[in-house]
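**Student:** for reference, the sequence and a predicted model appear below.
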Amino acid sequence: MTTYKELFGKYVQNYSSDPTSTDAEGQIWYNSTSGTFKTALGLYGAWSAGGNLNTGRIRLGSAGTQTAGLGFGGDSPPATGLTATEKYNGTSWTSVNSMNQQRGNMYSGGTQTAAFGAGGYRQPGSTFGGTENYDGTSWTVSGNLGTARYSGAGAGTQTAGLAFGGTSSNLTEEYNGSSWTAGGNMGTARYRLAGFGLQTAAIAAGGGTPSVTAVTESYNGTSWTTVNSLNTARRSLAGAGIQTAGLAFGGEAPPSLLTESWNGTSWSNASNLTVAKSNFAGAGTQPAALAFGGGGNETSTEEWNLGTVVVPVAGSWSSGGNMNTARYGLAGAGTQTAALGFGGYTPNFSSASESYNGSSWTATPSLNTARNQIAGCGTQTAALAFGGYTPTIVGSTEKYNGTSWTSNPTGLNTARRALAGAGTQTAALAFAGVTPPYSSVTESFNGSSWTSVNSMNTARQSLAGFGIQTAAIGAGGYNPSFSAVVESWNGTSWTTVNSLNTARYGAGAGGTQTLGLIFGGGITGPTGRSAATELWNGTSWTTNPNSLATGRQELAGTGTQTSALAFGGYLSTSIASAATEEWTGPSTTLNYKTLTTS
């Protein structure tokens, strides 16, 4: 019998822990700690969050790729037909010119600059056969389907398109860019199926007959042939890819996370979607696909990437040492392993100051002025505290040198509470808050005095801030309702950028202008307090799968996108939190598998 050494030129290695080098791909080793043989697999796919659609919807049409996608039409639940069109650049969606006719459940295909949408269902209740072509700028009416229908699948390009299946239908029609002609009928009539590929080389998978089916068929430009079925029968799923390398994902019933990969012969199970979806859209290829809209979350987008042995690991929170004084409306400074928390409400105005060493908090000399809804910035040994509520709104500024707090001779020019801050003790930024009314005022600190600079575009209170004096972010807040507005500061002026996915106020935050995060905060809904975490890449926000263990508002935050700290906060009426949580940012790891016998 051939040995492992004869095949690979070396013996199976013995390790106490799994190797981390990508050289481990395809190798086998013995983990002496777990007592198992293991390997690291290559070509591993995974879904991650992308930028949200501007218009949430279900049953929409799609075209293009992961970095140049197009979404159009659809329905706004429960029954409002849409014409809205959006294009995707791999990060965020932008609204462009709308379709001429509202419809959902259409046949679609093509690219971001040359797409088609045909047939569909028009609210409040009519089957439609019209076709429209998109040229990258606007939609133009084209030839009708031979048979008006909806809830089928589309494939191909704008000048060589395909429409197949639909409600009680096995029909196939081929498109030349202006008119439709009959193609070969499918073997199994079905609706809400997935389709992908070209006019002469397409795949149809799953659907309803009306019971859910796993049947897969392959089209050669003339006729359909039944091939190996999906592993899991479902309808209202989406697909992406070509006839020999595709994906089928999501579906119902009920809404599904499942993803399957097609190699031209058979289906294999792959990594799940992060959000269960049905009646949504898919686009792209097997190595890089896109899933967007649909039931489960009508605005969400997910990106599929087929990687190598390295796989992504989502950021996560873990418990840290509790503060000595539970409070909310406090401020923070420093890093995850060298932090400072000061001020707040206990439910009395607090002057307490504490330092964190990465595991526990120690009381330090107090602020000179007890206050809550205070702002702060800097480091554990060189911090700055400014503004707040005593219960009089104040502009008082204090400096911390690692030993004691000293009142600065001058305070903010505009006294306010519930403001945000960024920067260092000698180069700080204070922005927004409430005086009252809601404020947009921005001030810059040079280590001794504050100077008024250009105001924010949106006045608000209780927003989150992070960054430095010349490159900061202000996110969320309240005025006079929960806000998702985000603005970026370049040292001179504020620019409104992509909004948060979840409107909130009184959230914690950390990071830089191009790599930040926001967590917790007050939100609408029955709980009133969020545990959600969102990550900022300098362009858009993505919701992290893992949230804070304790949802809370008016908490403090500090640190970076890779290593942050959340502490204190408001839990419910008159109940303050002492909880501390430590954030470990997104990372990658090898795709380890344990080998077994059967």
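**Tutor:** Okay, I see it. Residues are numbered from 1 along each chain as shown.
**Student:** break this protein into its domains for me.
**Tutor:** In the domain annotation for the chain, the residue ranges read 4-42, 55-295, 317-586 (automatic domain parsing).
**Student:** go through those domains and find the least confident stretch.
**Tutor:** Between the domains of the chain, the one with the least mean pLDDT is domain 4-42; it has a mean of 73.
**Student:** helices along this structure, start to end?
**Tutor:** Listed in chain order, the helices of the chain (DSSP state H) span residues 4-8.
**Student:** circling back: next, format the domains of the chain as a markdown table and append distance to residue 303 and mean neighbour count.
**Tutor:** Where you see a C-beta, it was placed from the backbone N, CA and C, and this is true even at glycine. Rendered in a markdown table, the data for the domains of the chain read as follows (distance: least, CB to CB, whole Å; neighbours: other CB atoms under 10 Å):
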| stretch | distance to residue 303 | mean neighbour count |
| --- | --- | --- |
| domain 4-42 | 20 | 13 |
| domain 55-295 | 6 | 21 |
| domain 317-586 | 10 | 21 |
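**Student:** between those domains, which one is closest to residue 594.
**Tutor:** In terms of CB to CB, the element of these nearest to residue 594 is domain 4-42, at 4.8 Å.
**Student:** same list (the domains of the chain) but as JSON lines, adding distance to residue 305.
**Tutor:** Below are these laid out as JSON lines (distance: least, CB to CB, whole Å):
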{"stretch": "domain 4-42", "distance to residue 305": "14"}
{"stretch": "domain 55-295", "distance to residue 305": "6"}
{"stretch": "domain 317-586", "distance to residue 305": "13"}
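**Student:** and the ones you listed: which comes nearest residue 596?
**Tutor:** domain 4-42 (8.3 Å).
**Student:** from residue 261, how far off is residue 71?
**Tutor:** 23 Å (CB to CB, to the nearest Å).
**Student:** how about residue 91?
**Tutor:** Here the distance between residue 91 and residue 261 works out to 25 Å (CB to CB).
**Student:** for the stretch 401-550 of the chain, what spans make up the strands?
**Tutor:** Assignment of strands within the stretch 401-550 of the chain using DSSP state E, counting those that start in this stretch yields the ranges 405-407, 420-423, 428-434, 438-445, 450-453, 464-468, 471-475, 486-489, 494-497, 508-511, 516-519, 533-536, 541-543.
**Student:** could you dump these to TSV with distance to residue 339?
**Tutor:** Formatted as TSV, those follow (distance: least, CB to CB, whole Å):
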stretch	distance to residue 339
strand 405-407	16
strand 420-423	15
strand 428-434	17
strand 438-445	21
strand 450-453	25
strand 464-468	14
strand 471-475	19
strand 486-489	24
strand 494-497	28
strand 508-511	10
strand 516-519	15
strand 533-536	18
strand 541-543	24
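**Student:** how about those, which one is nearest residue 234?
**Tutor:** strand 541-543 (25.0 Å).
**Student:** pairing partners for the closest one, with directions?
**Tutor:** Its sheet considered, strand 541-543 pairs with strand 533-536 (antiparallel) by DSSP bridges.
**Student:** for beta bridges, what are the partners of residue 278?
**Tutor:** Checking residue 278 by DSSP bridges, which sets the bridge assignment, gives partners residue 295.
**Student:** for stretch 439-455, measure first residue to last.
**Tutor:** Taking CA to CA, to the nearest Å, stretch 439-455 runs 9 Å from one end to the other.
**Student:** so what touches that stretch?
**Tutor:** 384, 386, 397, 408-414, 416, 419, 423, 425-433, 456-461, 469, 489, 492-494 (CB atoms under 8 Å, 6 or more residues apart in numbering).
**Student:** same thing but at 7 Å, please
**Tutor:** The set of residues that contact stretch 439-455 without belonging to it, under CB atoms under 7 Å, 6 or more residues apart in numbering, is 410, 412-414, 416, 425-433, 456, 458-459, 469, 492-494.
**Student:** now residue 238: closest residue in space that isn't a chain neighbour?
**Tutor:** Nearest non-adjacent residue to residue 238, counting by CB to CB, 6 or more residues apart in numbering: residue 282, 3.1 Å away.
**Student:** what of residue 84?
**Tutor:** Take residue 84 and drop its neighbours on the chain: the residue closest to it by CB to CB, 6+ apart is residue 55, 4.6 Å away.
**Student:** dump the residue contacts of the one you found.
**Tutor:** Residue 55 sits next to 82, 84, 86 when contact means CB under 7 Å, 6+ apart.
**Student:** phi and psi next, for it.
**Tutor:** Reported as degrees, to the nearest 10, the phi and psi values for residue 55 are phi -120, psi 110.
**Student:** can you map out the strands along the stretch 151-300 of the chain?
**Tutor:** With DSSP E, counting those that start in this stretch as the criterion, the stretch 151-300 of the chain has strands spanning 153-156, 161-164, 172-175, 180-182, 194-198, 201-205, 216-219, 224-227, 238-242, 245-249, 259-262, 267-270, 281-284, 288-292.
**Student:** the closest residue to residue 261 other than its chain neighbours pairs with what?
**Tutor:** Beyond its immediate neighbours in the sequence, the residue positioned closest to residue 261 (CB to CB, 6+ apart) is residue 270, lying 4.6 Å away. Per DSSP bridges, residues listed as beta-bridge partners of residue 270: residue 259.
**Student:** any idea how far residue 321 is from the residue found closest to residue 174 once you drop the neighbours it is linked to in the chain?
**Tutor:** The shortest distance from residue 174 to any residue that is not its chain neighbour, by CB to CB, 6+ apart, is 4.7 Å, and that residue is residue 183. Residue 183 is 67 Å from residue 321, where distance means CB to CB.
**Student:** which residues are in contact with the closest residue to residue 529 other than its chain neighbours?
**Tutor:** Setting aside the residues directly before and after it, residue 529 is nearest to residue 551 in space (CB to CB, 6+ apart), at 4.3 Å. Shown in contact with residue 551 (CB under 7 Å, 6+ apart): 520, 527, 529-531.
**Student:** recalculate using a threshold of 10 Å.
**Tutor:** Applying CB atoms under 10 Å, 6 or more residues apart in numbering to residue 551 gives the contacts 519-523, 527-532, 569, 571, 577.
**Student:** and those, which is closest to residue 390?
**Tutor:** Of all those, residue 390 sits closest to residue 569, with 20.4 Å by CB to CB.
**Student:** surely that closest one and residue 549 touch.
**Tutor:** No - between residue 569 and residue 549 there is no contact, the gap being 11.8 Å when judged by CB atoms under 10 Å.
**Student:** okay, and the common contacts of the two?
**Tutor:** Here residue 569 and residue 549 share the contacting residues residue 579, scored by CB under 10 Å, 6+ apart.
**Student:** and the nearest residue to residue 367 once chain neighbours are set aside, how far is that from residue 463?
**Tutor:** On the basis of CB to CB, 6+ apart, the spatially nearest residue to residue 367 that is not a chain neighbour turns out to be residue 351, at 4.2 Å. Summarising the geometry, the distance separating residue 351 from residue 463, computed by CB to CB, is 24 Å.
**Student:** kindly report the same for residue 173.
**Tutor:** When distances are taken as CB to CB, residue 173 and residue 463 turn out to be 53 Å apart.
**Student:** do residue 301 as well
**Tutor:** Where residue 463 is concerned, residue 301 sits at a distance of 25 Å (CB to CB).
**Student:** likewise residue 197?
**Tutor:** 48 Å.
**Student:** also residue 525?
**Tutor:** Taking CB to CB as the measure, residue 525 falls 20 Å from residue 463.
**Student:** over to residue 336?
**Tutor:** 22 Å.
**Student:** how about residue 337?
**Tutor:** Taken as CB to CB, the spacing of residue 337 relative to residue 463 amounts to 26 Å.
**Student:** what of residue 574?
**Tutor:** When distance is defined by CB to CB, residue 574 is 24 Å away from residue 463.
**Student:** same deal with residue 380?
**Tutor:** Where residue 463 is concerned, residue 380 sits at a distance of 24 Å (CB to CB).
**Student:** do residue 421 as well
**Tutor:** Residue 421 sits at a distance of 10 Å from residue 463 (criterion: CB to CB).
**Student:** overlap of the contact sets of the two?
**Tutor:** A shared contact of residue 421 and residue 463, defined by CB under 10 Å, 6+ apart, is any residue touching both; here these are 431, 433, 474.
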